[in-house]
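**Student:** heads up, no residue letters with this:
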């Protein structure tokens, strides 16, 4: 972890929270995974695919840790399965950590086939915001079905990673 900014800690937390959410969701039935409600992205299954496809997109401009898997999750036409999502989440999560530690955060990335320009720091900010947003939506869907979602806040992270 960078001792000057702590930026990478956000991405360590993001990866931890993604894996905790995946582990919790892997215990759900098909009916629970496919439930949906107004005001959220989609079912748990659809939201998980979207979340990790997006993370692959955020990290695809760099290869600090490993080569981007093909086909990308965005190209999948069906649910990838929990083992594959976990593998993809770990790869993109580690890549985001490496980006936060090694990339020039002022570097301009040309996104969406060159139609949108943004600094690396903006992509990193989006990755954190996007992850929190969609994990929250999944937690809402779980709660509405009487399922206790995992605790993904900073206190839970601290207790799991650093001990209480």
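**Tutor:** Perfect, I can see it now. On a predicted model such as this, the values are computed, not experimentally measured, just so you know.
**Student:** where does the residue nearest the centre of the chain fall, secondary structure wise?
**Tutor:** What sits nearest the mean C-alpha location of the chain, by C-alpha atoms, centre = their mean, is residue 131, with 4.8 Å. Residue 131 belongs to helix 120-144 when assigned by DSSP states H and E.
**Student:** list the buried residues of that helix.
**Tutor:** 120-121, 123-124, 127-128, 130-131, 134-135, 137-139, 141-142 (16 or more other C-beta atoms under 10 Å). C-beta: built from backbone N, CA, C; applies to glycine.
**Student:** the helices in the protein, which residues?
**Tutor:** Secondary structure of the chain by DSSP state H: the helices cover 7-25, 30-34, 44-59, 82-102, 120-144, 154-162.
**Student:** check contacts around the residue lying closest to the residue nearest to the centre of the chain once chain neighbours are set aside.
**Tutor:** The spatial neighbour of residue 131 that comes closest, neighbours along the chain excluded (C-beta to C-beta, 6 or more residues apart in numbering), is residue 14 at 5.1 Å. Shown in contact with residue 14 (C-beta atoms under 8 Å, 6 or more residues apart in numbering): 93, 96, 127-128, 131.
**Student:** residue 113 is nearest to which of the helices of the chain?
**Tutor:** Taking C-beta to C-beta as the criterion, residue 113 comes closest to helix 44-59 out of these, the separation being 11.9 Å.
**Student:** and that closest one, what does it pack onto?
**Tutor:** Packed against helix 44-59, as judged by 3 or more C-beta pairs under 8 Å, 6 or more residues apart in numbering; DSSP states H and E, are the following elements: helix 7-25, helix 30-34, helix 82-102, helix 120-144.
**Student:** now the angle from that helix to helix 120-144?
**Tutor:** Put simply, helix 44-59 runs at 170 degrees to helix 120-144, going by axes from the mean of the first three to the mean of the last three C-alpha atoms, to 10 degrees.
**Student:** tilt between helix 44-59 and helix 7-25?
**Tutor:** Going by the same axes, to 10 degrees, helix 44-59 is angled at 160 degrees with respect to helix 7-25.
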